[in-house]
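1. Sequence isn't available, so here's the structure alone:
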């Protein structure tokens, strides 16, 4: 893979970290997990409040 004129070996950590979308993907994954756990917490509270 070529990145800014440098040849980076595929499958290495250096290639993984050099991807342009690395931090955007990491952020989106964290937001997804945060929202997922909030939904689970909301459903748990609904179940507790309904007397189940």
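-> Looks like it arrived, so ask away. No experiment lies behind these values; they were computed from the predicted model shown.
2. how about the helices of the protein, start to end?
-> 13-18, 22-49 (DSSP state H).
3. Any chance of those in JSON lines with mean pLDDT and mean neighbour count as columns?
-> For every residue, glycine as well, the C-beta is placed using N, CA and C. Converted to JSON lines, these look like this (pLDDT from 0 to 100; neighbours: other CB atoms under 10 Å):
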{"stretch": "helix 13-18", "mean pLDDT": "65", "mean neighbour count": "11"}
{"stretch": "helix 22-49", "mean pLDDT": "90", "mean neighbour count": "10"}
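4. which residues sit in contact with residue 28?
-> For residue 28, the contact set (CB atoms under 8 Å, 6 or more residues apart in numbering) is empty.
5. redo that, cut-off 10 Å
-> residue 21 (CB atoms under 10 Å, 6 or more residues apart in numbering).
6. Relative to residue 48, how far out is it?
-> According to CB to CB, to the nearest Å, residue 28 and residue 48 sit 31 Å apart.
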